[in-house]
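Trainee: Kindly generate the corresponding structure for this input.
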Amino acid sequence: MIITKPTYIYRGISPETSAMRVKHQVSNTNDCEIILVTNYDVVSEGFYETFKELLNYSIDEGKEIYYDSTTELLSQEFLEKVKSYKDLSTLKIFTNGIIDESKINSKVVKLRGATIIVEPYFVKHYDYYQPIKDVDIIRTKVKKSFLLLGGKSKTFRTALTALLYFEGLDDYGYISYFGFKPLDTFTNETKDLYFMTDSPNQQKRRVEEGLKKMGSNKVLDVTLFNHKVSHSRDYDATYYDMVDFVVIMESDVTNDRSFITEKTTKCVQQNKKFILLSSKGMLDKTKNEYLNYHNKDISHLTDWCDTSYDSIDNVWFRIDKIVKIIKNEIIH
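Mentor: This is a model prediction of the structure:
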(Lines give C-alpha, C1' and ligand atoms only; values in the text may rest on other atoms or scores of the structure.)
Protein backbone atom coordinates (compact mmCIF):
# COMPACT_ATOMS: atom_id res chain seq x y z
CA MET A 1 0.00 0.00 0.00
CA ILE A 2 1.88 3.05 -1.28
CA ILE A 3 1.41 6.43 0.44
CA THR A 4 2.75 9.31 -1.65
CA LYS A 5 1.44 12.28 0.34
CA PRO A 6 3.82 13.93 2.86
CA THR A 7 3.49 11.81 5.98
CA TYR A 8 4.49 12.37 9.60
CA ILE A 9 4.97 9.06 11.44
CA TYR A 10 4.03 9.38 15.11
CA ARG A 11 6.43 6.89 16.70
CA GLY A 12 7.80 4.69 13.97
CA ILE A 13 6.73 2.10 11.46
CA SER A 14 8.34 -1.10 10.30
CA PRO A 15 7.83 -2.88 6.98
CA GLU A 16 7.61 -6.08 9.03
CA THR A 17 4.51 -4.90 10.90
CA SER A 18 2.74 -2.85 8.26
CA ALA A 19 1.45 -3.10 4.72
CA MET A 20 1.94 0.65 4.32
CA ARG A 21 4.89 2.02 2.36
CA VAL A 22 5.52 5.70 2.99
CA LYS A 23 7.33 7.36 0.08
CA HIS A 24 7.51 10.91 1.43
CA GLN A 25 8.21 11.02 5.16
CA VAL A 26 8.49 14.40 6.90
CA SER A 27 9.83 15.16 10.36
CA ASN A 28 7.03 17.32 11.75
CA THR A 29 3.27 17.74 11.61
CA ASN A 30 3.46 21.19 10.00
CA ASP A 31 4.87 19.79 6.76
CA CYS A 32 2.61 16.77 6.49
CA GLU A 33 -0.75 15.98 4.98
CA ILE A 34 -1.05 12.66 6.81
CA ILE A 35 -0.30 11.81 10.44
CA LEU A 36 0.35 8.09 10.70
CA VAL A 37 -0.19 6.12 13.92
CA THR A 38 -0.15 2.33 14.24
CA ASN A 39 -2.04 -0.25 16.26
CA TYR A 40 1.20 -0.92 18.14
CA ASP A 41 1.35 2.71 19.33
CA VAL A 42 -1.77 2.36 21.47
CA VAL A 43 0.07 0.38 24.15
CA SER A 44 2.55 3.21 24.76
CA GLU A 45 2.11 5.36 27.85
CA GLY A 46 0.06 8.50 27.30
CA PHE A 47 -0.98 7.54 23.77
CA TYR A 48 -4.61 8.56 24.03
CA GLU A 49 -3.81 11.97 25.45
CA THR A 50 -1.45 12.56 22.52
CA PHE A 51 -3.95 11.12 20.05
CA LYS A 52 -6.62 13.57 21.18
CA GLU A 53 -4.18 16.44 20.61
CA LEU A 54 -3.31 15.11 17.16
CA LEU A 55 -6.99 14.69 16.35
CA ASN A 56 -7.81 18.28 17.30
CA TYR A 57 -4.79 19.49 15.36
CA SER A 58 -5.81 17.53 12.26
CA ILE A 59 -9.30 19.05 12.39
CA ASP A 60 -7.99 22.61 12.82
CA GLU A 61 -5.26 22.29 10.16
CA GLY A 62 -6.97 20.10 7.57
CA LYS A 63 -4.75 17.04 8.03
CA GLU A 64 -5.67 13.36 7.89
CA ILE A 65 -4.88 10.74 10.53
CA TYR A 66 -4.20 7.22 9.27
CA TYR A 67 -4.55 4.45 11.84
CA ASP A 68 -2.50 1.51 10.57
CA SER A 69 -3.85 -1.89 11.59
CA THR A 70 -2.86 -3.63 8.37
CA THR A 71 -1.22 -6.60 10.09
CA GLU A 72 -3.87 -7.11 12.77
CA LEU A 73 -7.58 -7.08 13.49
CA LEU A 74 -8.90 -3.74 14.72
CA SER A 75 -8.13 -3.07 18.40
CA GLN A 76 -11.19 -3.26 20.66
CA GLU A 77 -9.51 -0.88 23.10
CA PHE A 78 -8.87 1.73 20.41
CA LEU A 79 -12.51 1.78 19.31
CA GLU A 80 -13.69 1.90 22.90
CA LYS A 81 -11.48 4.91 23.64
CA VAL A 82 -12.09 7.01 20.51
CA LYS A 83 -15.85 6.49 20.24
CA SER A 84 -16.33 9.24 22.83
CA TYR A 85 -14.77 11.89 20.55
CA LYS A 86 -17.48 13.90 18.82
CA ASP A 87 -15.60 14.62 15.58
CA LEU A 88 -13.59 11.83 13.96
CA SER A 89 -13.93 13.12 10.40
CA THR A 90 -10.16 13.25 9.84
CA LEU A 91 -9.57 9.66 11.01
CA LYS A 92 -9.09 6.88 8.45
CA ILE A 93 -8.65 3.34 9.81
CA PHE A 94 -7.06 0.52 7.79
CA THR A 95 -7.53 -2.99 9.16
CA ASN A 96 -7.92 -6.67 8.27
CA GLY A 97 -11.19 -7.00 10.12
CA ILE A 98 -13.48 -6.14 13.03
CA ILE A 99 -14.50 -8.79 15.57
CA ASP A 100 -18.14 -9.16 16.56
CA GLU A 101 -17.67 -7.57 20.00
CA SER A 102 -16.49 -4.38 18.30
CA LYS A 103 -19.21 -4.04 15.65
CA ILE A 104 -21.35 -1.61 17.68
CA ASN A 105 -18.40 0.59 18.58
CA SER A 106 -17.24 0.62 14.95
CA LYS A 107 -20.68 1.90 13.90
CA VAL A 108 -20.47 4.67 16.50
CA VAL A 109 -17.01 5.65 15.29
CA LYS A 110 -18.23 5.82 11.68
CA LEU A 111 -21.24 7.92 12.75
CA ARG A 112 -18.74 10.37 14.24
CA GLY A 113 -17.13 10.71 10.80
CA ALA A 114 -14.33 8.15 10.77
CA THR A 115 -13.64 6.03 7.70
CA ILE A 116 -12.92 2.33 8.27
CA ILE A 117 -11.37 0.41 5.37
CA VAL A 118 -11.41 -3.37 5.82
CA GLU A 119 -9.27 -5.37 3.42
CA PRO A 120 -7.26 -8.62 3.57
CA TYR A 121 -3.88 -6.89 3.50
CA PHE A 122 -1.86 -10.11 3.74
CA VAL A 123 -3.62 -11.38 0.62
CA LYS A 124 -3.56 -8.04 -1.17
CA HIS A 125 0.18 -7.57 -0.59
CA TYR A 126 1.40 -11.16 -0.37
CA ASP A 127 4.26 -10.24 -2.71
CA TYR A 128 5.85 -8.26 0.15
CA TYR A 129 7.19 -11.55 1.53
CA GLN A 130 10.59 -12.68 0.27
CA PRO A 131 11.51 -16.39 0.40
CA ILE A 132 15.02 -17.60 1.22
CA LYS A 133 16.05 -21.19 0.50
CA ASP A 134 18.98 -23.27 1.70
CA VAL A 135 19.92 -25.55 -1.20
CA ASP A 136 22.20 -27.64 1.01
CA ILE A 137 19.28 -28.64 3.26
CA ILE A 138 17.14 -29.42 0.21
CA ARG A 139 19.90 -31.65 -1.14
CA THR A 140 20.60 -33.55 2.07
CA LYS A 141 17.24 -33.92 3.85
CA VAL A 142 14.63 -36.49 2.88
CA LYS A 143 11.29 -35.46 1.46
CA LYS A 144 8.30 -35.91 3.76
CA SER A 145 4.52 -35.62 3.41
CA PHE A 146 3.75 -32.40 5.26
CA LEU A 147 5.10 -29.26 6.91
CA LEU A 148 3.62 -27.80 10.10
CA LEU A 149 5.08 -24.58 11.51
CA GLY A 150 3.72 -24.06 15.01
CA GLY A 151 4.62 -20.47 15.74
CA LYS A 152 3.34 -18.86 18.92
CA SER A 153 1.64 -21.32 21.25
CA LYS A 154 -2.17 -21.29 21.16
CA THR A 155 -4.67 -23.85 22.42
CA PHE A 156 -5.81 -25.02 19.00
CA ARG A 157 -2.22 -25.31 17.76
CA THR A 158 -1.37 -27.46 20.77
CA ALA A 159 -4.36 -29.69 20.02
CA LEU A 160 -3.61 -30.26 16.34
CA THR A 161 0.14 -30.78 16.83
CA ALA A 162 -0.27 -33.18 19.74
CA LEU A 163 -2.95 -35.18 17.91
CA LEU A 164 -0.59 -35.70 14.99
CA TYR A 165 1.94 -37.13 17.45
CA PHE A 166 -0.76 -39.27 19.08
CA GLU A 167 -1.59 -40.78 15.68
CA GLY A 168 2.08 -41.40 14.91
CA LEU A 169 1.97 -39.01 11.96
CA ASP A 170 4.93 -36.95 13.17
CA ASP A 171 7.30 -39.32 11.33
CA TYR A 172 5.75 -38.16 8.06
CA GLY A 173 6.19 -34.43 8.64
CA TYR A 174 8.53 -31.58 9.38
CA ILE A 175 7.12 -29.99 12.55
CA SER A 176 7.96 -27.02 14.76
CA TYR A 177 6.22 -26.29 18.06
CA PHE A 178 7.04 -23.82 20.86
CA GLY A 179 4.45 -24.57 23.55
CA PHE A 180 6.35 -26.36 26.29
CA LYS A 181 7.49 -23.17 28.00
CA PRO A 182 6.69 -19.43 27.77
CA LEU A 183 8.36 -17.40 25.03
CA ASP A 184 10.14 -14.52 26.76
CA THR A 185 8.62 -11.07 25.97
CA PHE A 186 6.27 -12.64 23.37
CA THR A 187 3.68 -14.84 25.07
CA ASN A 188 3.16 -16.63 28.38
CA GLU A 189 0.81 -19.16 26.82
CA THR A 190 1.96 -22.78 26.92
CA LYS A 191 0.52 -26.21 26.16
CA ASP A 192 -1.15 -26.31 29.58
CA LEU A 193 -3.76 -23.71 28.61
CA TYR A 194 -5.34 -26.17 26.18
CA PHE A 195 -6.52 -28.30 29.10
CA MET A 196 -8.59 -25.37 30.41
CA THR A 197 -10.66 -25.19 27.22
CA ASP A 198 -14.07 -26.71 26.48
CA SER A 199 -12.57 -29.38 24.21
CA PRO A 200 -14.04 -32.88 24.66
CA ASN A 201 -12.47 -34.95 27.44
CA GLN A 202 -11.78 -37.76 24.99
CA GLN A 203 -9.77 -35.37 22.84
CA LYS A 204 -7.94 -34.04 25.89
CA ARG A 205 -6.76 -37.58 26.70
CA ARG A 206 -5.39 -38.04 23.20
CA VAL A 207 -3.70 -34.61 23.28
CA GLU A 208 -2.09 -35.45 26.63
CA GLU A 209 -0.67 -38.66 25.18
CA GLY A 210 0.51 -36.83 22.08
CA LEU A 211 2.34 -34.24 24.18
CA LYS A 212 4.07 -37.02 26.10
CA LYS A 213 5.28 -38.47 22.80
CA MET A 214 6.45 -35.02 21.67
CA GLY A 215 8.32 -34.46 24.92
CA SER A 216 9.66 -30.97 24.26
CA ASN A 217 9.63 -28.03 21.87
CA LYS A 218 10.38 -28.95 18.27
CA VAL A 219 12.58 -26.64 16.20
CA LEU A 220 12.93 -26.57 12.46
CA ASP A 221 13.62 -23.41 10.45
CA VAL A 222 14.27 -21.30 13.59
CA THR A 223 15.53 -22.30 17.04
CA LEU A 224 13.95 -19.31 18.82
CA PHE A 225 10.51 -17.87 18.16
CA ASN A 226 9.82 -14.23 19.00
CA HIS A 227 8.07 -11.11 17.66
CA LYS A 228 10.81 -10.36 15.13
CA VAL A 229 10.76 -13.89 13.69
CA SER A 230 6.96 -13.86 13.59
CA HIS A 231 6.73 -10.65 11.56
CA SER A 232 9.83 -10.82 9.37
CA ARG A 233 9.11 -10.30 5.66
CA ASP A 234 12.10 -12.49 4.75
CA TYR A 235 11.30 -16.09 5.55
CA ASP A 236 12.96 -19.49 5.26
CA ALA A 237 11.07 -21.29 2.49
CA THR A 238 13.41 -24.27 2.36
CA TYR A 239 11.04 -26.81 3.87
CA TYR A 240 8.20 -25.93 1.49
CA ASP A 241 10.20 -27.69 -1.23
CA MET A 242 10.62 -30.80 0.89
CA VAL A 243 6.97 -31.72 1.47
CA ASP A 244 3.83 -32.53 -0.49
CA PHE A 245 1.56 -30.21 1.48
CA VAL A 246 1.46 -27.75 4.38
CA VAL A 247 -0.77 -27.86 7.45
CA ILE A 248 -1.49 -24.22 8.29
CA MET A 249 -2.49 -23.20 11.81
CA GLU A 250 -3.71 -19.64 11.40
CA SER A 251 -3.84 -16.88 14.03
CA ASP A 252 -7.55 -17.16 14.84
CA VAL A 253 -10.08 -19.98 14.71
CA THR A 254 -13.16 -18.46 16.33
CA ASN A 255 -15.95 -17.85 13.88
CA ASP A 256 -16.19 -14.08 14.46
CA ARG A 257 -12.54 -13.50 13.46
CA SER A 258 -12.08 -13.59 9.73
CA PHE A 259 -8.34 -13.18 9.40
CA ILE A 260 -5.82 -14.68 6.98
CA THR A 261 -2.13 -13.92 7.54
CA GLU A 262 1.23 -14.65 5.97
CA LYS A 263 0.97 -18.24 7.20
CA THR A 264 -1.46 -18.90 4.36
CA THR A 265 -0.20 -16.47 1.74
CA LYS A 266 3.29 -17.99 1.86
CA CYS A 267 1.80 -21.27 0.64
CA VAL A 268 0.19 -19.48 -2.28
CA GLN A 269 3.46 -17.75 -3.05
CA GLN A 270 5.24 -21.14 -3.00
CA ASN A 271 2.43 -22.80 -5.01
CA LYS A 272 2.15 -25.42 -2.27
CA LYS A 273 -0.98 -27.42 -1.43
CA PHE A 274 -2.34 -26.79 2.05
CA ILE A 275 -4.93 -27.69 4.69
CA LEU A 276 -6.15 -24.66 6.62
CA LEU A 277 -7.01 -24.59 10.32
CA SER A 278 -8.73 -21.24 10.71
CA SER A 279 -12.23 -19.97 11.44
CA LYS A 280 -15.18 -21.66 9.79
CA GLY A 281 -15.47 -20.84 6.08
CA MET A 282 -12.03 -19.26 5.74
CA LEU A 283 -10.88 -21.70 3.08
CA ASP A 284 -13.65 -20.58 0.73
CA LYS A 285 -13.16 -16.96 1.71
CA THR A 286 -9.42 -17.12 1.00
CA LYS A 287 -10.05 -18.56 -2.46
CA ASN A 288 -12.52 -15.77 -3.18
CA GLU A 289 -10.12 -13.09 -1.95
CA TYR A 290 -7.38 -14.27 -4.31
CA LEU A 291 -9.85 -14.19 -7.18
CA ASN A 292 -11.04 -10.71 -6.23
CA TYR A 293 -7.64 -9.13 -5.63
CA HIS A 294 -5.39 -11.00 -8.04
CA ASN A 295 -7.73 -12.81 -10.45
CA LYS A 296 -5.90 -15.92 -9.23
CA ASP A 297 -7.53 -19.33 -8.87
CA ILE A 298 -5.89 -21.22 -5.99
CA SER A 299 -8.35 -24.14 -5.89
CA HIS A 300 -5.58 -26.53 -6.99
CA LEU A 301 -3.87 -25.72 -3.67
CA THR A 302 -6.99 -26.13 -1.53
CA ASP A 303 -9.35 -28.66 -3.12
CA TRP A 304 -6.88 -31.53 -3.55
CA CYS A 305 -8.27 -33.20 -0.40
CA ASP A 306 -11.56 -33.38 1.52
CA THR A 307 -12.46 -29.77 2.41
CA SER A 308 -15.53 -30.50 4.53
CA TYR A 309 -13.57 -29.43 7.62
CA ASP A 310 -14.05 -25.82 6.49
CA SER A 311 -17.78 -25.99 7.26
CA ILE A 312 -17.54 -27.47 10.78
CA ASP A 313 -18.68 -25.02 13.48
CA ASN A 314 -16.89 -26.46 16.50
CA VAL A 315 -13.14 -25.89 16.36
CA TRP A 316 -12.29 -29.08 18.28
CA PHE A 317 -14.35 -31.21 15.89
CA ARG A 318 -12.77 -29.29 13.01
CA ILE A 319 -9.32 -30.24 14.33
CA ASP A 320 -10.29 -33.91 14.67
CA LYS A 321 -11.54 -33.88 11.09
CA ILE A 322 -8.30 -32.32 9.83
CA VAL A 323 -6.25 -35.01 11.60
CA LYS A 324 -8.36 -37.71 9.93
CA ILE A 325 -7.84 -36.07 6.53
CA ILE A 326 -4.07 -35.86 7.03
CA LYS A 327 -3.97 -39.51 8.15
CA ASN A 328 -6.02 -40.56 5.15
CA GLU A 329 -3.78 -38.65 2.71
CA ILE A 330 -0.60 -40.16 4.18
CA ILE A 331 -1.67 -43.73 4.89
CA HIS A 332 -3.80 -44.22 1.79
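Trainee: which residues does residue 69 contact?
Mentor: Listed by CB atoms under 8 Å, 6 or more residues apart in numbering, the contact set of residue 69 reads 38, 39, 75, 93, 94, 95, 96. For glycine as for every other residue, the C-beta is placed from the backbone atoms N, C-alpha and C.
Trainee: care to break the chain down by domain?
Mentor: By the record's domain assignment, the chain is partitioned as 2-119, 126-331 (automatic domain parsing).
Trainee: Now do the last one: distance to the chain's middle.
Mentor: In terms of CA atoms, centre = their mean, to the nearest Å, the centre of domain 126-331 is found 12 Å from the chain centre.
Trainee: about what we covered before: tabulate the domains of the chain in a markdown table, adding columns for mean pLDDT.
Mentor: Written out in a markdown table, the entries for the domains of the chain read as follows (pLDDT from 0 to 100):
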| stretch | mean pLDDT |
| --- | --- |
| domain 2-119 | 94 |
| domain 126-331 | 91 |
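Trainee: Tally up the residues packed near the closest residue to residue 270 other than its chain neighbours, please.
Mentor: Excluding its sequence neighbours, the residue lying closest to residue 270 (CB to CB, 6 or more residues apart in numbering) is residue 240, at 4.4 Å. Around residue 240 there are 23 other residues, counting by other CB atoms under 10 Å.
Trainee: that's a helix at residue 240, yeah?
Mentor: Yes: assignment of residue 240 by DSSP: H, G, I helix; E, B strand; the rest coil places it within a helix.
Trainee: give the contact list for it.
Mentor: Residues in contact with residue 240 (CB under 8 Å, 6+ apart) are 131, 147, 246, 266, 267, 270, 272.
Trainee: In PyMOL, how would I select the buried members of those?
Mentor: Typed into PyMOL, the next command selects the buried ones out of the contacts of residue 240 (criterion: 16 or more other CB atoms under 10 Å):
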select buried, resi 147+246+266+267+270+272
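Trainee: So which of the contacts of residue 240 sit within strands?
Mentor: With strands taken from DSSP state E, the overlap with these comprises 131, 147, 246.
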